[in-house]
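>>> I would like to see how this sequence folds:
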Amino acid sequence: MDKPAKVRDSAASEGETAMRLRGLPGLDVDAGLAFVGNSADVYVRLLKRFVQLHEIDVHQMIAHAEDEDRATLQKLAHSIKGGAATLGLSGLAGLAKQLEEAAGGEAAPARLVELARALEADHAALSRHLMQASLTNSAEQRA
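Here you go, the predicted structure:
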């Protein structure tokens, strides 16, 4: 029995979104797809959920870095690092790892702020790319 058209269209749209993300610096789509059994639909939903879950965290990280709240900064960076690595977000995972290590070490406060801002910028770029890919797919489906 065939899936209803709406479900099939949604899965096709998410597949197109995943394909549009290929080549994005710091994103290994193949690694992320492998984690979810090559389901583009699930992968894109998880990427969107990751962006939503860490929206506030990436902004708070800058404040924690400026306040030199190293323990909280280290915990947030660790959390982001794990989720990002699982989803093939190698750029974000790498920045989160650097920030986690810097917060746990003797890094200068300016370095903590620099890394937190870089992580926030990468998160924002991912959010924009996901939104743009989804909007492009929606526009193409209506045409």
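
>>> can you tell me which residues contact residue 60?
Neighbour list for residue 60: residue 76 [criterion: C-beta atoms under 8 Å, 6 or more residues apart in numbering]. All C-beta atoms are positioned from the backbone trio N, CA, C, and that covers glycine.

>>> Please compute how far the helix or strand hosting it lies from its chain's middle.
According to DSSP states H and E, residue 60 maps onto helix 55-66. Offset of helix 55-66 from its chain centre (C-alpha atoms, centre = their mean, to the nearest Å): 15 Å.

>>> got it, and stretch 58-70?
19 Å.

>>> Could I get the buried residue list for that stretch?
Buried residues in stretch 58-70, defined by neighbour count with 16 or more other C-beta atoms under 10 Å: 58, 60-62, 64-65, 69-70.

>>> mean confidence for it?
Averaged across stretch 58-70, the pLDDT comes to 95.

>>> So which elements touch the biggest helix by length in the chain?
Secondary structure of the chain per DSSP state H: the longest helix is helix 109-142. Using 3 or more C-beta pairs under 8 Å, 6 or more residues apart in numbering; DSSP states H and E, the elements in contact with helix 109-142 are helix 5-21, helix 40-53, helix 55-66, helix 70-86, helix 90-104.
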